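Engineer: Take this sequence and fold it.
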Amino acid sequence: MTHLPTSGTPPTRPGLPTLPAVPAPPTRVPQVPHGPAGPQPRRTAFAEGLDQLRAAATTEPGRLRIIGALLALLVVAFGAVTAWQMTDRATAADDVLTSSQPLSSDAADIYRSLADANTAASSGFLAGGQETAASRDRYEKDIRTAAEKLVNAAANSDPDSPSAATIAKLNRLLPEYKGLVERARTYNRQGFPVGGAYLRYANEKMQQEMLPAAEDLYKKENQRLRADYADATPYPWAAIALGIAALAALAWAQHRNYQRTNRVLNHGLVAATATATVVLLWLVVGHSVARAGLHDSYDHGVRSLNVLHDARIASLKARGNENLTLVARGAETKKIGAETYDAYDYDFRTDMNALGKYLAAAGELADDASGESPVTAAVGNMTEWKKRHTAAREQDEKGNYQQALDMVIGTENATGECFDSVDANLRTALAHEETEFKRAAGDGRDALTGLSAGAAVLAVLGAAGAVLGIGRRLSEYR
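Structural biologist: A predicted model of the protein is given here:
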């Protein structure tokens, strides 16, 4: 009977030596570290990195590596923040010169063109069948100018902005106004009194809808201009603070190096200090020059331009109301307190008072003879205009309508001559102040040219110098 070997015992054969049993390998149980409070959690890579950093800081080579890394990081951060802040300011300064101020002037031109077209339309209506080609051409030119400026403003405004809505409104109202004026002219040439009603209706549309919308557009563009100035002029305090911190850290590292080696200069650290100093000086001086130029462009450019635009608009409104006084012939009245006035004549006097205030302000803001001379001339024209208007009103109130008409739109000694002189002098003053603005704003923008890119390049070079300087010290430990 055959016996099977028991488990763990090798089989035997007759004549062969018996082999000893081989024990099975023991099963390994993973050991979990235990502490006083039980199993400990596995350490994170960050914690292990901190341990390695602390261990490295106990030796001089380790400390040098840490110092070099921190110096390089600080210099690079200084350059990066400088480049970022200067890019924002340079962009805003460029917008002031090439975008927001020109758009503000375009908005003022839209207002002026509309008001002047209204004035030309009323002058042509008074002339009746004797309307001159010059008067008609002036009206057509003003309408074209307003339409072109509206197209330019629409192209440079955001589709969802409030300005875009105002521009769309003006584009809708302009053809309606032109239609009313053409009807007024047609009926006036045929001798129908209804022509005057159409002209007054056109004037109401201009005064109550179009000019307020144009004024609103002008204010919005001025707000945009002020916002660009606000973005371009603040000091870059974050960059300046980082620059000072970088220079202080580099000075400390060189002092530490001198204390340990008695070597006065470390070429790498000296190069890093030099580049950081150049960037900081360039930042402070360049931005200060740019800031001064932009402030000058606002104080002696934008402020003067705004006042002169307001003066020109006031003169245009006054001229339009003067003409409409003769068109309406007392049909429109205005009651102030217990007194009743001709509505258009009352508005004329209000506009002339505003014109006087704007011209006085423009004279105070003018900082040279070229800017002051046309304003002074405009004041003289305005004074003469008031005298001639008073004389024309006396004739109209006496019933001498034709004499009053000749004194307003005639070819000799008429109030129209004074208005044209005021407008021409204001146009001259505006051109001068526009030149002053462009010069000052251009100087401010140009002072920032290359600063962003230069700061970034010099910061990289400075960081490389700091690393090389520390590397030179590390080589002494090898």
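Engineer: CA only for contacts and neighbour counts going forward, please
Structural biologist: Will do.
Engineer: How about Thr186: what's its closest non-neighbour residue?
Structural biologist: Of all residues not flanking Thr186 in the chain, Gly195 sits nearest, at 7.3 Å (C-alpha to C-alpha, 6 or more residues apart in numbering).
Engineer: swap that for His287, sorry
Structural biologist: Residue nearest to His287 in three dimensions, not counting chain neighbours: Leu448, with 6.6 Å by C-alpha to C-alpha, 6+ apart.
Engineer: Report all helices and strands that the helix or strand where Arg349 lies contacts.
Structural biologist: Taking DSSP states H and E as the definition, Arg349 sits inside helix 343-365. If you count contacts as 3 or more C-alpha pairs under 8 Å, 6 or more residues apart in numbering; DSSP states H and E, helix 343-365 packs onto helix 303-328, strand 333-336, helix 369-397.
Engineer: what's the most buried one of these?
Structural biologist: The highest mean neighbour count among those, using mean count of other C-alpha atoms under 10 Å, belongs to helix 303-328: a mean of 24.
Engineer: tell me the average confidence for that helix?
Structural biologist: Helix 303-328 shows a mean pLDDT of 88.
Engineer: sorry, back to before: rebuild the helices and strands packed on helix 343-365 as a markdown table, extending it with distance to Val278.
Structural biologist: A markdown table is the format used below for those (distance: least, C-alpha to C-alpha, whole Å):
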| stretch | distance to Val278 |
| --- | --- |
| helix 303-328 | 36 |
| strand 333-336 | 68 |
| helix 369-397 | 40 |
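Engineer: Looking at these, which is nearest to Ser135?
Structural biologist: With C-alpha to C-alpha as the criterion, Ser135 lies closest to helix 303-328 of the helices and strands packed on helix 343-365, at 13.4 Å.
Engineer: So which bits of the helix or strand containing Ala456 are buried?
Structural biologist: Assessed by DSSP H and E, Ala456 sits inside helix 451-474. By neighbour count on 16 or more other C-alpha atoms under 10 Å, the buried set for helix 451-474 is 451-471, 473.
Engineer: Same check on stretch 351-360?
Structural biologist: Per 16+ other C-alpha under 10 Å, stretch 351-360 contains these buried residues: 351-352, 354-356, 358-360.
Engineer: Spit out the contact partners of the closest residue to Ala464 other than its chain neighbours.
Structural biologist: Nearest residue to Ala464 in three dimensions, chain neighbours excluded: Ala72, at 7.1 Å (C-alpha to C-alpha, 6+ apart). By C-alpha atoms under 8 Å, 6 or more residues apart in numbering, the contact list for Ala72 reads 462-464, 466-467.
Engineer: Quick check: Ala72 vs Gln85, distance?
Structural biologist: 20 Å (C-alpha to C-alpha, to the nearest Å).
Engineer: now Phe348
Structural biologist: When distance is defined by C-alpha to C-alpha, Phe348 is 50 Å away from Gln85.
Engineer: and if you look at Thr340?
Structural biologist: Distance from Thr340 to Gln85, by C-alpha to C-alpha: 61 Å.
Engineer: again, but for Lys334
Structural biologist: Relative to Gln85, and taking C-alpha to C-alpha, Lys334 is found at 56 Å.
Engineer: what's the answer for Tyr344, then?
Structural biologist: With the distance defined as C-alpha to C-alpha, Tyr344 ends up 54 Å from Gln85.
Engineer: what's the answer for Asp443, then?
Structural biologist: Taking C-alpha to C-alpha, one finds Asp443 at 19 Å from Gln85.
Engineer: what does Tyr177 give?
Structural biologist: Per C-alpha to C-alpha, Tyr177 is found 48 Å from Gln85.
Engineer: longest helix in the protein, by residue count?
Structural biologist: As assigned by DSSP state H, the longest helix anywhere in the chain is helix 60-95.
Engineer: what helices or strands is the helix or strand just after that helix leaning on?
Structural biologist: Note on helix 60-95: by DSSP H and E, the next helix or strand toward the C-terminus is helix 101-127. The criterion is 3+ C-alpha pairs under 8 Å, 6+ apart, and the helices and strands that helix 101-127 contacts are helix 133-155, helix 162-189, helix 211-232, helix 303-328, helix 401-409.
Engineer: 10 Å - rerun?
Structural biologist: With contacts taken as 3 or more C-alpha pairs under 10 Å, 6 or more residues apart in numbering; DSSP states H and E, helix 101-127 sits against helix 133-155, helix 162-189, helix 194-205, helix 211-232, helix 303-328, helix 401-409, helix 415-446.
Engineer: If I take that helix and helix 133-155, what angle do their directions form?
Structural biologist: If you take axes from the mean of the first three to the mean of the last three C-alpha atoms, to 10 degrees, helix 101-127 sits at 150 degrees to helix 133-155.
Engineer: Okay, buried residues for helix 101-127 please.
Structural biologist: Result for helix 101-127 [16+ other C-alpha under 10 Å]: buried residues 101-127.
Engineer: re earlier: need the per-residue pLDDT for the residue nearest to Ala464.
Structural biologist: On the pLDDT scale, Ala72 is placed at 92.
Engineer: just Thr411 next, same as before
Structural biologist: pLDDT for Thr411: 78.
Engineer: neighbouring contacts of stretch 137-147?
Structural biologist: Contact with stretch 137-147 is made by 106-107, 109-124, 133-135, 148, 150-153, 170-171, 174-175, 178, as judged by C-alpha atoms under 10 Å, 6 or more residues apart in numbering.
Engineer: do that again at 7 Å, thanks
Structural biologist: Residues outside stretch 137-147 that contact it (C-alpha atoms under 7 Å, 6 or more residues apart in numbering) are 110, 113-114, 116-117, 120-121.
Engineer: Now that stretch - C-alpha only, PDB.
Structural biologist: Output of stretch 137-147 as PDB, limited to C-alpha atoms (Å, rounded to 0.1, in the frame of the first residue of the first chain):
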ATOM      1  CA  ASP A 137     -23.400 126.700 -48.500                       C
ATOM      2  CA  ARG A 138     -22.700 127.400 -44.800                       C
ATOM      3  CA  TYR A 139     -25.800 125.500 -43.800                       C
ATOM      4  CA  GLU A 140     -25.000 122.500 -46.000                       C
ATOM      5  CA  LYS A 141     -21.300 122.500 -44.800                       C
ATOM      6  CA  ASP A 142     -22.400 122.400 -41.200                       C
ATOM      7  CA  ILE A 143     -24.900 119.600 -41.800                       C
ATOM      8  CA  ARG A 144     -22.100 117.500 -43.500                       C
ATOM      9  CA  THR A 145     -19.600 118.300 -40.800                       C
ATOM     10  CA  ALA A 146     -22.100 117.100 -38.100                       C
ATOM     11  CA  ALA A 147     -22.900 113.900 -40.000                       C
END
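Engineer: List the buried residues in that stretch.
Structural biologist: Neighbour-count burial for stretch 137-147 flags 138-140, 142-143, 145-147 (criterion: 16+ other C-alpha under 10 Å).
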